[in-house]
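Visitor: structural data only, the sequence is not supplied:
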């Protein structure tokens, strides 16, 4: 377990800023204590310092996880956000998409969101903007990338993809092994 | 329309030319099936009617008759199965052949034994064989032929006058009639009683016939245990489960009222043995496990338990209060089509699911982490543990993470939880569950639980959900029924003991808010539950405390040949058949000392009572943290404490044996208590209350421990000579030394209290707390203490040191501050 290098921090923050923008600062400076990111086995964990102290006693090969895992660095040093980060992205999300109840199941199975399933979308969403996907009951379901800007969404036909799927909470049961 | 059709005035017409109704099932079938009691009520010809009338008269006479000598055994034909009917055994089975004659076909097995006996008879009397065979043979074939029976028997009677008296003949006729009448009834009896019947039915039938009208009620109710040899007939063909089930119920009924319902000559153990085999067959258990269950439960409960294991427990879930409330979750799930209810008064977050139209483990609410599927019994250990916020908790065997997440939600994501498991694949589900439920204060590790205090220790609370044989969750995993045997249970128990000791060592006894450990298993075996807990009580400084669960059965304090500590009554057992949750066992420990008692064979027995007595005393003194354990010093101090305690509680009682038996490192807390009691005792000894010294006691003890640690280690050996003469020991010394040590920090001063303690102990050992003797002793030791005493007088002691200190420090105070 080690702290992130500059480069890694930059890459990760860039990725996260796509979804939460400048609210990223709120993740680091929290009123209830200092939190930090640690790298362990190519995965980035977000932990408070109190937990770090105890975790320092555990040897590296026996440590499985700590705090919240945000994602992992791939072999080519790109950062991939996991669904486990949703709890921190959702409250600070800048661009949101709500999908209709009928389309929920489809999204939870890993499919992209079609225009027919689109309920609401934040105004002036640019194309390829990172978005967080909600159900109509404001339950966060995952996140993705907007395929079309808000204007285009209105014009496009019902079977066109409007949000590319990146992660959804269905992965907790579908991809349990890859979470660690 | 146009037609004048008025339905109300429609005229009724009868059946037309071609309408041919069926008369109904009864009438149709009556042609094919013989009606009940056909033999009795069949159409009789006129002659038959007369004969029947005569017979009835004759039977009235023969009622008076009791026995008729079976003078003529009627041989039976073996191959066709008719033999049973024709065979007659003298005496015991007198009238049976008549029965059998009519039912010969229906009772082939029944007469095996009777046949064996009667073969000899057959050979012996062949006179009337042919005749009788013909007679019997003709009778068996058809019910109608019974009609001719009377005629034949008459003729037979004429032939064999010398053998059958007329009255006997009449009796035979009557018996045949009754046999015919009862034929239907006994047919049904045959199948059930075939196995048991051979011994039972013969005598029973005999009774009936011999008793005439007397109906033998016992015949239907009392159950006869088949001989062991006969049991193979059950197993070799496919076991008839219904029969076995009935037999199980019968045996349980007999055993419930054994005195009256037992069969003569059969012991209780035979019944139990049979019951065990039947239960094993019926419920598909291995013999070992069933034997264990029979030891555990009374018979009535046993069957309920076995039944409950066949049925799954209801699905329950626990609301994740980090993300939602139970009310909101229930509403959301009901909207999805789930039928649920709150779990019970004892749970604020539990819900039980009756049925669901959607898969309950895949709803969007589940995926969003609003609830966790968890058994009701798995919520209990966490409720017993009662974790507080900002604590450090260890969950030693956490997979799949239900209990860990419950702990986290009770702590509201504060503090730290270390979730550990030895199984790497199951850890993945822990990671998944904890992330899904939004738990952020957890570290997940992959150690063997036994490594624990070495890796990291000092936790406020520890939860140990030990790996077990799983005998409480048979409904989830039926393989447990057969694949567990003695060595599996013992292996589990061994592992559990090791894990429990490690867990106890990982708890910090001096934690401000904690010091608790919860040990739980999903097993009902005593070897894995009470025995392991009892072992821990003997080996470590822990005691059992109430779990806080107000329902559930108390744990055993004795079981078969084992005896456990009485506090085991505070542990809890849960069963599937009484609480409708998985079998579970929960025990809550409080650790009162961080030191590990070194077990010596003689001492361990004594240490248990002492370690358990002390907590009562400790109410006054809080245990102080101790950096290093010094068994020798503690032992001495402990012994002193013990004597003080004894002294206080039983002033004149000398329980010196106990003192001698106290193990060395009983308690760090003991040392504090000892110093406190030391002061008190010494005051008692002196018969002078010097409250100031007592007040100073605790402070002094702290100092003593902190500073004497290094000093004493070297002096330990020197002092710990049990046979050395008391060196300047005096009962007064402790008091003086206490007051002195408060002020000065000289090494010798530290030495003295120890010496004194040892000395006083010696004094106690030798002189049972008698002031007069003490005085004498004091006189003895007056000389060595001479130079010391002036320095140690209470009044003087305070002055010189403060003087010194005033030079070094600006502040002098009447209450010297202990630096």
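Guide: That came through, no problem. Only a predicted model underlies this, so the values are computations on that prediction, with no experimental measurement involved.
Visitor: so where's the stretch 201-350 of chain B uncertain?
Guide: B:201-221, B:229-237 (pLDDT under 70).
Visitor: okay, now the one residue in it that gets nearest to chain A: neighbour count?
Guide: Nearest residue of the stretch 201-350 of chain B to chain A: residue B:332, at 7.6 Å (Cβ to the nearest Cβ). Where C-beta positions appear, they are placed from N, C-alpha and C, glycine not excepted. By the criterion of other Cβ atoms under 10 Å in any protein chain shown, residue B:332 has 19 neighbours.
Visitor: my read: it touches residue B:371, true?
Guide: No - using Cβ atoms under 8 Å, residue B:332 is not in contact with residue B:371; the gap is 9.7 Å.
Visitor: how is chain A divided into domains?
Guide: Annotated domains of chain A cover A:1-86, A:94-173 [the TED database].
Visitor: in CSV, list these along with mean pLDDT, distance to residue B:27 and mean neighbour count.
Guide: Formatted as CSV, the domains of chain A follow (pLDDT from 0 to 100; distance: least, Cβ to Cβ, whole Å; neighbours: other Cβ atoms under 10 Å in any protein chain shown):
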stretch, mean pLDDT, distance to residue B:27, mean neighbour count
domain A:1-86, 90, 74, 16
domain A:94-173, 92, 61, 18
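Visitor: what residue in the stretch 551-700 of chain B comes nearest to chain A?
Guide: residue B:594 (18.2 Å).
Visitor: look at that residue and tell me its secondary structure.
Guide: coil (DSSP: H, G, I helix; E, B strand; the rest coil).
Visitor: give the burial count for the closest residue in space to it that isn't next to it in sequence, as a bare number.
Guide: Excluding the flanking residues, the one nearest residue B:594 by Cβ to Cβ, 6 or more residues apart in numbering or on different chains is residue B:509, at 4.7 Å. Look at residue B:509: counted by other Cβ under 10 Å, it has 22 neighbours.
Visitor: need the contact list for residue B:509.
Guide: B:515, B:541, B:591, B:592, B:593, B:594, B:623 (Cβ atoms under 8 Å, 6 or more residues apart in numbering or on different chains).
Visitor: coming back round to it: pipe the domains of chain A into a markdown table and attach distance to chain B per row.
Guide: Below are the domains of chain A laid out as a markdown table (distance: least, Cβ to the nearest Cβ, whole Å):
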| stretch | distance to chain B |
| --- | --- |
| domain A:1-86 | 4 |
| domain A:94-173 | 4 |
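Visitor: among these, which is nearest residue B:464?
Guide: Minimum separation from residue B:464 across the domains of chain A (Cβ to Cβ) falls at domain A:1-86, 18.4 Å.
Visitor: quote the end-to-end distance of that closest one.
Guide: 23 Å (Cα to Cα, to the nearest Å).
Visitor: the longest helix belonging to chain A packs against which elements?
Guide: Longest helix in chain A, counting residues (DSSP state H): helix A:6-20. Applying 3 or more Cβ pairs under 8 Å, 6 or more residues apart in numbering or on different chains; DSSP states H and E, one finds that helix A:6-20 contacts helix A:24-28, strand A:33-40, strand A:68-73, strand A:79-81, helix A:86-92, strand A:130-135.
Visitor: residue B:437 is nearest to which of these?
Guide: Going by Cβ to Cβ, the one of the helices and strands packed on helix A:6-20 nearest residue B:437 is helix A:86-92, 9.6 Å.
Visitor: mind listing what's buried along that closest one?
Guide: By neighbour count on 16 or more other Cβ atoms under 10 Å in any protein chain shown, the buried set for helix A:86-92 is A:86, A:87, A:88, A:89, A:90, A:92.
Visitor: who are the contact partners of the second one?
Guide: So the one you mean is residue A:87. Per Cβ under 8 Å, 6+ apart, neighbours of residue A:87: A:68, A:140, B:438.
Visitor: any chance of these in a markdown table, plus distance to residue B:264?
Guide: Shown next, in a markdown table, are these (distance: Cβ to Cβ, whole Å):
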| residue | distance to residue B:264 |
| --- | --- |
| A:68 | 74 |
| A:140 | 77 |
| B:438 | 70 |
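Visitor: follow-up on the earlier one: the longest helix of chain A: how far from the chain's middle?
Guide: 12 Å (Cα atoms, centre = their mean, to the nearest Å).
Visitor: outside of that helix, which residues touch it?
Guide: With Cβ under 8 Å, 6+ apart, helix A:6-20 has contacts from A:4, A:24, A:27, A:37, A:39, A:44, A:70-71, A:73, A:77-79, A:81, A:85, A:89, A:92-95, A:129-132, A:143.
Visitor: between strand A:130-135 and it, find me the angle.
Guide: Here the directions of helix A:6-20 and strand A:130-135 differ by 50 degrees (axes from the mean of the first three to the mean of the last three Cα atoms, to 10 degrees).
Visitor: quick check: angle from helix A:6-20 to strand A:68-73?
Guide: Using the same axes, to 10 degrees: helix A:6-20 against strand A:68-73 is 120 degrees.
Visitor: how about the nearest residue to residue B:435 once chain neighbours are set aside, what does it touch?
Guide: Nearest non-adjacent residue to residue B:435, counting by Cβ to Cβ, 6+ apart: residue A:84, 4.1 Å away. The contact partners of residue A:84, by Cβ under 8 Å, 6+ apart, come to A:68, A:69, A:70, A:71, A:179, B:435.
Visitor: how about JSON lines for these, with distance to residue B:171 added?
Guide: Listed next are those as JSON lines, based on distance: Cβ to Cβ, whole Å:
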{"residue": "A:68", "distance to residue B:171": "95"}
{"residue": "A:69", "distance to residue B:171": "94"}
{"residue": "A:70", "distance to residue B:171": "99"}
{"residue": "A:71", "distance to residue B:171": "99"}
{"residue": "A:179", "distance to residue B:171": "89"}
{"residue": "B:435", "distance to residue B:171": "89"}
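Visitor: now do the helices in the stretch 151-300 of chain B.
Guide: Shown for the stretch 151-300 of chain B, the helices assigned by DSSP state H, counting those that start in this stretch span residues B:166-181, B:183-211, B:218-221, B:232-235, B:241-256, B:258-261, B:268-283, B:287-296, B:299-310.
Visitor: need phi/psi at the residue with the largest distance to the centre of chain A.
Guide: Distance from the C-alpha centroid of chain A peaks at residue A:57, with 29.5 Å (Cα atoms, centre = their mean). Main-chain dihedrals, residue A:57, degrees, to the nearest 10: phi -80, psi -10.
Visitor: what's near enough to touch it?
Guide: With Cβ under 8 Å, 6+ apart, residue A:57 has these contacts: B:455, B:456.
Visitor: ok, now how distant is it from residue B:502?
Guide: 16 Å (Cβ to Cβ, to the nearest Å).
Visitor: how much space separates the residue nearest to residue B:594 from residue B:596?
Guide: 11 Å.
Visitor: now residue B:321
Guide: For residue B:321 relative to residue B:596 (Cβ to Cβ), the value is 38 Å.
Visitor: the residue of the stretch 551-700 of chain B closest to chain A against residue B:515, yeah?
Guide: No - when contacts are counted by Cβ under 8 Å, residue B:594 is not listed as touching residue B:515 (9.4 Å).
Visitor: mutual contacts of the two, please.
Guide: B:508, B:509.
Visitor: please identify the residue of the stretch 251-400 of chain B positioned nearest to chain A.
Guide: Counting by Cβ to the nearest Cβ, the stretch 251-400 of chain B gets nearest chain A through residue B:367, at 4.0 Å.
Visitor: in contact with that residue, which residues?
Guide: A:108, A:169, A:170, A:172, A:173, B:436.
Visitor: could you redo the last one with a cut-off of 6 Å?
Guide: A:169, A:170, A:172 (Cβ atoms under 6 Å, 6 or more residues apart in numbering or on different chains).
Visitor: which members of these occur in helices, if any?
Guide: residue A:172.
Visitor: now, which of the contacts of residue B:367 sits nearest residue B:473?
Guide: Of those, the one sitting nearest to residue B:473 (Cβ to Cβ) turns out to be residue A:172, at 24.5 Å.
Visitor: excluding its backbone neighbours, what's nearest that closest one?
Guide: In space, residue A:172 is closest to residue B:436, 4.7 Å off (Cβ to Cβ, 6+ apart).
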